[in-house]
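> Could you work out the structure for the sequence below:
(chains A, B, C and D)
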Protein chains: 2
Amino acid sequence: MRTASIKEVAARAGVSPGTVSNVLNRPEKVAGETRERVEAAIRELGFVRHGSASTLRAGHSRTIGLSVIDIGNPFFTDVAAGVEDLASDRGYAVILGNSSGSRLKEERNLLVFAEQRVRGVLITPSGEDPNRLELLRDRGICVVLVDHPADRSGQCAVAVNDVTGGALAVGHLLSGGAGRLGYITGPAAIRQCKDRRRGAHQALAAAGRDPHELLEISMPAMTAKAGQEAAEKLLSDGALPDAIFCANDLLALGVLRGLLQAGVRVPGDVSLIGYDDIDFASASAVSLSSIRQPTYQLGRVATELLLDECDNPETHAHQQIMFQPDLVVRESTR
Amino acid sequence: MRTASIKEVAARAGVSPGTVSNVLNRPEKVAGETRERVEAAIRELGFVRHGSASTLRAGHSRTIGLSVIDIGNPFFTDVAAGVEDLASDRGYAVILGNSSGSRLKEERNLLVFAEQRVRGVLITPSGEDPNRLELLRDRGICVVLVDHPADRSGQCAVAVNDVTGGALAVGHLLSGGAGRLGYITGPAAIRQCKDRRRGAHQALAAAGRDPHELLEISMPAMTAKAGQEAAEKLLSDGALPDAIFCANDLLALGVLRGLLQAGVRVPGDVSLIGYDDIDFASASAVSLSSIRQPTYQLGRVATELLLDECDNPETHAHQQIMFQPDLVVRESTR
DNA sequence: CCTCCGGCGACAAACGTTTTAACAACGTTG
DNA sequence: CAACGTTGTTAAAACGTTTGTCGCCGGAGG
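Model prediction:
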């Protein structure tokens, strides 16, 4: 019924509890014959170490917390897969927290992480407020920022260069001979949207064009529905650009649909490029050119940094890693 | 630096540790004035309960384990969102395990859950082997099966009726006047694929047609890429059905793309229906008819059952809940 | 023969909480 | 006034590990 304790294992193997603990944690410290006896007892009793007791005594756990903004977004899903894979390889469990963009939920998740005494936290912060993270650091919990630049020195962060990404996208459109250019984006407050716009401006400037000629439409959400509405607006305004850059693939898919329904040919009449290179970008009726981010890798590397900081606090050097995005050309751009 | 313990809080408030514990867990047991003093001390010291110590002493934790087959699949993502929302409302943390379809990883995840002494486990088993779950139940950890019928009585399970879903889909195609019918599916071993085919057969029989006339193409994966290959095969065989039912939306999106590229009109020449009603079903060039499953709800209800079993073991009655899927008609079917 | 040393285990003291039994203070009741 | 229930608090004993100290034993060196 109840799980056997280390004490019962010890009794069965004819050793002391401490020795069983040594077999579990420092097998090299215990003589071969004794070790085998203990291991046999463990198997026979179906012993499973009590993680809480271990955490309590050792002062640290084998879990990390992962707080994301929206687990329904393929971007975060890929990140989570990367985190989970590496953590699980290293024997760590991942506690998942989904903030849904709400400060309150994020705060609650961080509290849970603190109660669980997680070894470290990976977080894509939903706001710019660094204070709440202090709460964790004060308790000796390491923090690595994910898809967010470090808000101050002295911490690890991994991100993807969104400025470069924006420049890549618009550069590609310009090299295709685009005249009038459009940028369909999400809420102005979102850092990613701002950075990608900045990249677009840089590409225009580099081509000797005036950045201000970029026609920008800002939608309240970054969904396919919003994208379709944006396309309808463009059509009814009668100001259809030659080429459109969307701040993410969901928007782009919506725009694509809106254009096709109105009989606009893609890429014949309008070139279209998205961002993120989600799986569905290649599955749409006209496969979508996009900017690929190393999403899975983002999660993996963030976890790597976190575990290094936890396991080697003295030799660990904080790092801010910035990945570079790639251009993926498909049918939707010439 | 270190987090304050209950003892320090007690000292500051001038009470005993036991009283602090009472404030935390049974506030009604302690006099108003004392409670306020303790609460003030908690705030001032930034005290956060040590979850492991609590678990150790109380004998059970406030965490549940969630083991899914593929966190990259939108279906499981939605389930996870439902689980996370309810669990977090009830003060439970969710430990996420992704088995990636591998028995080994699943086993490892279950071991982690056992070590953490999770209160209960939600699992979409990747195989049909019920033994491993015994390991958990023997330790008094409740288990609820997700998107899987109960493999024996005496446990909770939530699922969606895939037979009904298959019948709905094919019934809809038939009511549109379809003549030749195709079913594009995944590996034969997958339960969902089998059940959906069974439903398709039932619908054919109900319409007075011979179930064997259903042209079936089984692909090794259930991805958009596989769907496109299936469409190409149909086209090269020159045996294009009037209507096609796909075992999931990813396959359907691939088929759609393959057909459109070949100049086949959808739904003009061929009607097409998918399964799952993922977000992208409505965002494709021709929006996709599909079978909607209450995915988020699935996760929520499973969690509800699990927590009920944990919190009221004596009054709890095991339940096998079977949801019914819905038909969603969009442009891809007449 | 005595000492020293290395290797292996045993012992016991924590870690921070929950919980039970006991207790003190204080009306209420017979 | 004694007996008694109520209410609020305390003291102390767990829970299952980890870990530092210590002791035992056998062999090597003096």
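> in stretch A:71-78, what's buried?
Buried residues in stretch A:71-78, defined by neighbour count with 16 or more other C-beta atoms under 10 Å in any protein chain shown: A:71-78. The C-beta positions use only the backbone N, C-alpha and C, and glycine is treated the same way.
> residues in contact with it?
A:68-70, A:80, A:96, A:98, A:124, A:147, A:276, A:278-280, A:293, A:295-296, A:298-299, B:71-72, B:74, B:77-78, B:80-81, B:84 (C-beta atoms under 8 Å, 6 or more residues apart in numbering or on different chains).
> Could you report the pLDDT at A:Phe76?
Looking at A:Phe76, its pLDDT reads 90.
> Name the next helix or strand following the strand or helix carrying it along the chain.
Taking DSSP states H and E as the criterion, A:Phe76 maps to helix A:74-89. Downstream of helix A:74-89, the next assigned helix or strand under DSSP H and E is strand A:93-98.
> relative to helix B:74-89, how tilted is the helix holding A:Phe76?
Compare the direction of helix A:74-89 with that of helix B:74-89 by axes from the mean of the first three to the mean of the last three C-alpha atoms, to 10 degrees and you get 80 degrees.
> Excluding sequence neighbours, find me the nearest residue to the residue of chain A found nearest chain B.
Closest contact between chain A and chain B, by C-beta to the nearest C-beta, is at A:Ala285 (2.9 Å). Take A:Ala285 and drop its neighbours on the chain: the residue closest to it by C-beta to C-beta, 6 or more residues apart in numbering or on different chains is B:Ala285, 2.9 Å away.
> Now the one you found: phi and psi?
Dihedral pair for B:Ala285: phi -50, psi -50, per degrees, to the nearest 10.
> show me the contacts for A:Ile273.
Applying C-beta under 8 Å, 6+ apart, the residues near A:Ile273 are A:169, A:172-173, A:243-246, A:252, A:288-291, A:332-333.
> cool, and A:Ser290?
Contacts of A:Ser290 (C-beta under 8 Å, 6+ apart): A:249, A:252, A:273-278, A:281, A:328, A:330.
> I'd like to know which elements the least confident helix or strand in chain A by mean pLDDT is packed against.
Comparing helices and strands within chain A by mean pLDDT, DSSP states H and E singles out helix A:131-138 as the least confident, with a mean of 80. In terms of contacts (3 or more C-beta pairs under 8 Å, 6 or more residues apart in numbering or on different chains; DSSP states H and E), helix A:131-138 is packed against helix A:103-115, strand A:142-146.
> Show me what the last one is packed up against.
The reference is to strand A:142-146. strand A:120-123, helix A:131-138, strand A:156-160, helix A:295-311.
> among these, which gets the worst mean confidence?
Lowest mean pLDDT of the helices and strands packed on strand A:142-146: helix A:131-138, a mean of 80.
> For that helix, list every residue counted as buried.
A:133, A:135-136.
> Please look at A:Thr303 and A:Leu86 and confirm they touch.
Yes - at 4.4 Å, A:Thr303 and A:Leu86 qualify as touching, with contact defined as C-beta atoms under 8 Å.
> So between the two, which is more surrounded?
Ranked by neighbour count (other C-beta atoms under 10 Å in any protein chain shown), A:Thr303 and A:Leu86 place A:Thr303 first, with 29 against 19.
> show me what contacts the residue of the stretch 151-300 of chain A found nearest DNA strand C?
Nearest to DNA strand C in the stretch 151-300 of chain A, going by C-beta to the nearest atom of the strand, is A:Gln155, at a distance of 25.1 Å. Contacts of A:Gln155 were listed using C-beta under 8 Å, 6+ apart, and they are A:143-145, A:318.
> ok, now which ones touch A:Thr185?
Per C-beta under 8 Å, 6+ apart, neighbours of A:Thr185: A:193, A:196-197, A:216-219, A:246-247, A:251.
> now swap in A:Ile190 and tell me
For A:Ile190, the contacting residues are A:Met222, by C-beta under 8 Å, 6+ apart.
> Please indicate which of the contacts of A:Gln155 are buried?
A:143-145.
> hang on, isn't A:Arg108 packed against B:Ala87?
No - A:Arg108 is beyond contact range of B:Ala87, at 11.5 Å (criterion: C-beta under 8 Å).
> okay, these two: which has more neighbours?
Between A:Arg108 and B:Ala87, counted using other C-beta under 10 Å, B:Ala87 has the larger neighbour count: 26 against 16.
> Just give the closest residue to the more buried one, not the sequence neighbours.
B:Ala87's closest residue in space is B:Val94 (C-beta to C-beta, 6+ apart), at 5.1 Å.
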